[in-house]
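Peer 1: Sharing a model prediction with you, sequence too.
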Amino acid sequence: MRVALGVEYDGRAFSGWQTQPGGNTVQDKLNLALSSIAGHPVTTLAAGRTDAGVHALMQVVHFDSDAVRPLNAWVRGVNAHLPPEIAVVWAREVSDEFHARFSAFSRSYRYFLLTHPVRPGLTAGRVGWYHQPLDVDAMRAAAAVLLGRHDFSSFRAAECQAKSPQKDLQQLDISEVDGLLRFDLTADAFLHHMVRNIVGALLYVGRGKLDTAGMAALLAAADRTKAPPTFMPDGLYLTGVGYPEQFDLPSQAQAARLTLWR
């Protein structure tokens with residue numbers, strides 16, 4: 001049986017998603033918990049990797065198991081074996097054709113950026129922070145030039161393993177309430193550090209160090225060395241993964257879970 005899971009986690013306590021020799025990753029913790037319920041070793045495959053400090057409101061994974069368990073066992077039972085920062089939110093039985101990574105046609109991320117003279121306390125590690133106001137209108141104008149299919153090499157980490165830098169950025173919306181900025185991004189897929197590098201470049205726009213023409217030139221250069229630094233991971237959340245309707249899976253985190261981070 002192949003099972004798909006929706007998983008959320010607070011990335012602050014872990015060394016990213018992907019398994020590592022030290023074992024302190026979200027995948028390591030989830031594999032161990034699933035193995036306890038299945039009664040045999042379980043290995044998960046995910047829609048995408050997240051870095052250390054990056055969060056997920058809906059990571060999607062799949063695994064195979066011969067163990068016959070009610071779907072609730074893969075949720076509540078597994079959660080009983082997970083640290084409090086990780087939770088399985090839903091489970092669905094899927095066909096063998098389903099693959100959490102290769103069946104996905106889109107991924108969505110949300111980044112929260114607090115602009116305030118004083119660093120955050122209560123939301124430390126959960127939002128990015130910049131100490132001065134930003135020109136949000138200028139940021140929106142510059143963001144628009146990134147929409148569509150482009151070579152995003154200027155926003156790609158040096159260690160990125162993607163076969164192609166060509167990605168289709170379908171959404172890049174910026175909203176702001178009382179100094180808290182929210183960036184909503186959707187693409188067919190993202191390069192390593194792509195969202196954080198885009199946010200870092202837009203921060204330069206908001207500070208007046210880069211304009212819309214400069215953003216267009218940066219995109220066209222396809223050269224990471226010409227771009228602003230990668231921004232902090234703290235405010236980044238994986239919020240949804242799109243799949244064909246035949247698999248009947250949620251495409252976004254449940255509304256009640258997103259409400260805390262609107």
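Peer 2: Great, that's in hand.
Peer 1: chain center to stretch 133-145, what's the gap?
Peer 2: Stretch 133-145 sits 22 Å away from the centroid of its parent chain (Cα atoms, centre = their mean, to the nearest Å).
Peer 1: So which residues make contact with it?
Peer 2: With contacts defined as Cβ atoms under 8 Å, 6 or more residues apart in numbering, stretch 133-145 is touched by 115, 172-174, 176, 179, 181, 198, 201-203, 205-208, 210-212, 214-216, 219. Where C-beta positions appear, they are placed from N, C-alpha and C, glycine not excepted.
Peer 1: Just the buried subset of those residues, written out for ChimeraX, thanks.
Peer 2: Those of the contacts of stretch 133-145 that count as buried under 16 or more other Cβ atoms under 10 Å are selected in ChimeraX with:
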select :115,172,174,176,181,198,201,202,203,205,206,207,210,212,214,215,219
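Peer 1: So which residues of the stretch 51-200 of the chain form helices?
Peer 2: Taking DSSP state H, counting those that start in this stretch as the test, the helices found in the stretch 51-200 of the chain are 76-79, 136-144, 194-206.
Peer 1: got those helices as JSON lines, with distance to residue 251 and mean pLDDT columns?
Peer 2: Formatted as JSON lines, the helices of the stretch 51-200 of the chain follow (distance: least, Cβ to Cβ, whole Å; pLDDT from 0 to 100):
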{"stretch": "helix 76-79", "distance to residue 251": "22", "mean pLDDT": "98"}
{"stretch": "helix 136-144", "distance to residue 251": "23", "mean pLDDT": "98"}
{"stretch": "helix 194-206", "distance to residue 251": "18", "mean pLDDT": "98"}
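Peer 1: Could you export those helices to TSV, including columns for distance to residue 122?
Peer 2: Output for these, formatted as TSV (distance: least, Cβ to Cβ, whole Å):
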stretch	distance to residue 122
helix 76-79	25
helix 136-144	23
helix 194-206	21
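Peer 1: which stretches of this structure have low pLDDT?
Peer 2: Low-confidence segments of the chain (pLDDT under 70): 253-262.
Peer 1: Can you show me the strands along it?
Peer 2: Here the chain has its strands, by DSSP state E, at 2-9, 45-46, 55-64, 86-94, 106-115, 128-130, 148-151, 166-177, 180-187, 236-242.
Peer 1: In its sheet, which strands sit next to the fifth one, and in what direction?
Peer 2: Okay, so that is strand 106-115. Looking at strand 106-115 with DSSP bridges, its partner strands are strand 128-130 (parallel), strand 180-187 (antiparallel), strand 236-242 (antiparallel).
Peer 1: Repeat that for the second one.
Peer 2: For strand 45-46, the pairing partners within the sheet under DSSP bridges are strand 55-64 (antiparallel).
Peer 1: Of all the residues in the strand it pairs with, which ones are buried?
Peer 2: Neighbour-count burial for strand 55-64 flags 55, 56, 57, 58, 59, 60, 61, 62, 63 (criterion: 16+ other Cβ under 10 Å).
Peer 1: Next: stretch 109-125.
Peer 2: Neighbour counts using 16+ other Cβ under 10 Å place 109, 110, 111, 112, 113, 114, 115, 120 of stretch 109-125 among the buried residues.
Peer 1: The last one contacts residue 114, correct?
Peer 2: To tie it back to what came earlier, the one meant is residue 120. Yes - at 5.5 Å, residue 120 and residue 114 qualify as touching, with contact defined as Cβ atoms under 8 Å.
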